[in-house]
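# Next one to model:
(chains A and B, ligands or ions: 1)
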Amino acid sequence: MASTAGRTLSEKIWDAHVVPGAEGGAEGAGHGAPDLLYIDLHLVHEVTSPQAFDGLRQAGRPVRRPDLTLATEDHNTPTVDIDKPIADPVSRTQVETLRRNAEEFGIRIHSLGDLDQGIVHIIGPQLGLTQPGLTVVCGDSHTSTHGAFGAIAFGIGTSEVEHVLATQTLPQARPKTMAVNVTGELPAGVTAKDIVLALIAQVGTGGGQGHIVEYRGPAIEALSMEGRMTICNMSIEWGAKAGLIAPDETTFAYLEGRPHAPQGADWDAAVDYWRTLRTDDDAVFDREVELDASTLTPFVTWGTNPGQGVPLGSSVPNPDSFIDESDRVAATNALRYMGLEAGTPMRRIAVDTVFLGSCTNGRIEDLRAAADVIKGHQVADSVRMLVVPGSARVRLQAEAEGLDIVFKEAGAEWRAAGCSMCLGMNPDQLAPGERSASTSNRNFEGRQGKGGRTHLVSPLVAAATAVKGTLAAPADL
Amino acid sequence: MDKFTTHTGTGLPLRRSNVDTDQIIPAVYLKRVTKSGFEDGLFAAWRNDPDFVLNQPEFRQATILVPGPDFGTGSSREHAVWALQNYGFKVVIGSRFGDIFRGNSGKAGLLIAVVTQDVVEQLWKLIETNPATEITVDLAERRILAGGEIDVIFDIDDYTRWRLLEGLDDIGLTLRRAEDIDAYEAGRPAFKPRTLPAHTAS
Ligand code: SF4
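Alright, predicted model coming up:
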């Protein structure tokens, strides 16, 4: 019977966070009011928050739950000379504004130089604050990363940041549900990044619009938490509202003992609850997508959106091969911007810069994988390689393992934590016409610097490419 | 927020799909701490090109943007909405939008009118043939009228429409429910994490 059908994981979490009553009060009730969703964890950074705090000040409103709020500095912070004042005065003002706002409103902040500073989506999980069953928001679209723990996590705009600061809630229309079933076993040398790049090429950049996506199946269950975060991170790149993965023993093992993980009796109660966070067998998704992991090979992008990708072993596609008119136009524009000719084998494309980092692939496991490839090799003379750990603690951990030495001996630059060249808000930018292989998530025109050309790749491909000077997989070395 | 009932103006045809918010305003322009002054960054990379549609004198006065599908995807930056508003746009008519961008627009008072791609194509033709074509977007009726040729109903969710028509402050509406929120909070499990007091790894 349809009325007794089970619920999906995202529906369970959603339902548990709807504040009973009608949004907008009696007045709003007749107007298709959305659900009012309670927010368990609100992460804040310097770029999308100043106008929100200003709004609070103007209205004389306090932050309702400073104890569910955490701020850090990441988007425009420098990755060199972090002990000196930020050189760019406008960036400095933005960072100082966040510090002042955090102090005024009583919010915990991890500032540049602090051991827990880092990319906002890396420090939440690292501190054990990101947990199963939560609602997590941040003024940043890659908040979807936190879904890897079985949380509903999504990016919001500045008006919504203000809304959450003031009320700890958000009016939200209930999204549709989708399952991405990743079957089969991932071949060696193929990573979570390749799964998600192949998926986006298959479903298109708008394919997930209006949906919360659950990634499931044996290939997902086999992934580490780092790999799961990489996949959930890029949910927004195919338009999904959020992406999540049911928590399991891998999740619990990652969380146990982290600074903010529950302890003692709380841990037991939490784990009991977390085990219920699964899609019921008889639940029905609004849509399902299939992907066979065993057929995948390293995947790279050739164009200017994350859906414009192909296997590394193939060639730049011919725009005429696209059936859809707007895809054809987009491909033509992309090839012009990227300075590429249709038919060129991807492996022939030479890059100037390799960027290893970001909230997609800036975790310790990513650095280990890349270091493993690079060890005993040299970065090609024609290439500059930037290694930017996702957080100060990832950096420390990597240094404790000697990874920094591996990278430096190979000729790469070892930097301090932050978003860095993922978006080029700080001095780490591509010059016009410069080409990069980047482990980040966006290859949009100018994303890494005006006129810069980005190929999205996995950490393994990034490392091999740095050595070869052309797009390459470790097997090519 | 000001009430939005109806707007009449001329249109700007932006024949591009997948215009993400990095294109609407690149990251280097996001460093301001105010909500104004972002018009300089609007479509910054394309503005250098004299042929770019925004640089055509006949479209200078346009207040209604008509882009291709999947406009406003990508980054959550509300600066994209402010940049469009700071420049003078009141309405965006298109067939598909990034979810966060659409939400941000609704909060900031920029009307997003969703129509089919066929209607977008018709509008493009009409505007390109005669840039002075008057377009009226009537929110109460959910109706777009253009050049005596187009008369269509557009999509917008009921709640956003109501808030825009009434000019209601979203936060104020939610704060009316403080008691509901208090009651919900009282029932939250003890094991849910808190950021304070701060714990860090030893
Ligand atoms: S690393 Fe890149 S994608 Fe991630 S939060 Fe920073 S700027 Fe955004």
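# What are the buried residues along the longest helix along chain B?
Secondary structure assigned by DSSP state H gives helix B:117-129 as the longest helix of chain B. For helix B:117-129, the buried set under the neighbour-count rule, 16 or more other C-beta atoms under 10 Å in any protein chain shown, comprises B:119-120, B:122-124, B:126-127. (Each C-beta comes from the backbone N, C-alpha and C, glycine too.)
# Check which helices and strands it sits against.
For helix B:117-129, the packing partners by 3 or more C-beta pairs under 8 Å, 6 or more residues apart in numbering or on different chains; DSSP states H and E come out as strand B:11-14, strand B:64-67, strand B:91-94, strand B:143-146, strand B:150-153.
# ok now the third one, how far from the chain's centre?
Chain-centre distance of strand B:91-94: 8 Å, with C-alpha atoms, centre = their mean, to the nearest Å.
# Let's have the helices and strands packed on helix B:117-129 in a markdown table, adding mean pLDDT.
What follows is the helices and strands packed on helix B:117-129, written out as a markdown table (pLDDT from 0 to 100):
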| stretch | mean pLDDT |
| --- | --- |
| strand B:11-14 | 98 |
| strand B:64-67 | 98 |
| strand B:91-94 | 98 |
| strand B:143-146 | 98 |
| strand B:150-153 | 98 |
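# how about those in CSV, adding distance to A:Leu37 and mean neighbour count?
Listed next are the helices and strands packed on helix B:117-129 as CSV, based on distance: least, C-beta to C-beta, whole Å; neighbours: other C-beta atoms under 10 Å in any protein chain shown:
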stretch, distance to A:Leu37, mean neighbour count
strand B:11-14, 33, 23
strand B:64-67, 30, 25
strand B:91-94, 26, 25
strand B:143-146, 32, 19
strand B:150-153, 30, 14
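# Name the SS class of A:Glu214, please.
Of the three states, A:Glu214 takes strand according to DSSP: H, G, I helix; E, B strand; the rest coil.
# can you pull up the bridge partners for it?
A:Ala179, A:Leu244 (DSSP bridges).
# Surely it touches A:Glu11?
No. Contact criterion C-beta atoms under 8 Å: A:Glu214 and A:Glu11 do not qualify, at 10.0 Å.
# Now narrow the buried residues of helix B:117-129 to whatever sits close to the ligand.
Among those, none lies close to the ligand by the criterion of C-beta under 6 Å from any ligand atom.
# Wait, A:Asp140 touches A:Ile122, no?
No. If you go by C-beta under 8 Å, A:Asp140 and A:Ile122 don't touch, sitting 11.9 Å apart.
# which of the two has more neighbours?
For A:Asp140 versus A:Ile122, the count of surrounding residues by other C-beta atoms under 10 Å in any protein chain shown is larger for A:Asp140: 29 against 25.
# shared neighbours, A:Glu214 and A:Glu11?
A:Thr177 (C-beta atoms under 8 Å, 6 or more residues apart in numbering or on different chains).
# higher neighbour count, the two?
Shown here are A:Glu214 and A:Glu11; by other C-beta under 10 Å, A:Glu214 has more neighbours (26 against 19).
# Quick one: residues contacting A:Val373.
Counting by C-beta under 8 Å, 6+ apart, A:Val373 touches A:460, A:463-464, A:467, A:474, A:477.
# what's the farthest-apart pair in the residues you listed?
A:Leu460 and A:Val467 (11.4 Å; C-beta to C-beta).
# Now do residue 149, the pLDDT please.
Reading this off chain A. With respect to pLDDT, A:Phe149 has a value of 98.
# should've been chain B
So, for B:Glu149, pLDDT stands at 93.
# Spit out the contact partners of it.
B:122, B:126.
# Against chain A, how distant is it?
From B:Glu149 over to chain A the distance is 23 Å, taken as C-beta to the nearest C-beta, to the nearest Å.
# Now do the same contact list for A:Val161.
Here A:Val161 is in contact with A:42, A:44, A:48-49, A:52, A:139 (criterion: C-beta under 8 Å, 6+ apart).
# Quickly find the element holding B:Ile112.
Secondary structure from DSSP states H and E places B:Ile112 in strand B:111-114.
# ok, is that strand in contact with chain A or not?
No. Using C-beta under 8 Å from any C-beta of the partner chain, strand B:111-114 stays clear of chain A, coming no nearer than 11.6 Å.
# That strand packs against which elements?
Using 3+ C-beta pairs under 8 Å, 6+ apart: strand B:111-114 touches strand B:91-94, helix B:99-108.
# Low-confidence stretches in chain A?
Low-confidence segments of chain A (pLDDT under 70): A:1-4, A:24-26.
# Show me it divided up by domain.
Using the TED database, the domains assigned to chain A come out as A:9-173, A:176-248+A:279-295, A:300-476.
# Contact partners for the closest residue to the ligand within the stretch 1-150 of chain A?
Per C-beta to the nearest ligand atom, A:His142 is where the stretch 1-150 of chain A lies closest to the ligand, at 4.4 Å. By C-beta under 8 Å, 6+ apart, the residues touching A:His142 are A:121, A:155, A:233, A:236, A:359-360, A:441.
# Mind doing that once more with 10 Å?
By C-beta atoms under 10 Å, 6 or more residues apart in numbering or on different chains, the residues touching A:His142 are A:119-121, A:153-155, A:229, A:232-237, A:358-360, A:419, A:422, A:440-442, B:75-76.
# ditto for A:Gly217
Counted by C-beta under 10 Å, 6+ apart, A:Gly217 has contacts A:179-184, A:290-293.
# from these, which single one is nearest A:Thr77?
A:Val180 (33.8 Å).
# quick one: the closest one and A:Ile220 touch, right?
Yes. A:Val180 lies in contact with A:Ile220 (C-beta atoms under 10 Å); the separation is 8.2 Å.
# Which neighbours do those two have in common?
Contacts common to A:Val180 and A:Ile220, judged by C-beta under 10 Å, 6+ apart, are A:195, A:214, A:231, A:245, A:291.
# Any idea which residue of chain B lies closest to the ligand?
B:Ser75 (7.3 Å).
# quick revisit: show me the contact partners of the strand holding B:Ile112.
Contacts of strand B:111-114 (C-beta under 10 Å, 6+ apart): B:4, B:6-7, B:64, B:66, B:71-72, B:81, B:89-97, B:101-106, B:119, B:137-139, B:142-144, B:152-157, B:160-161, B:164.
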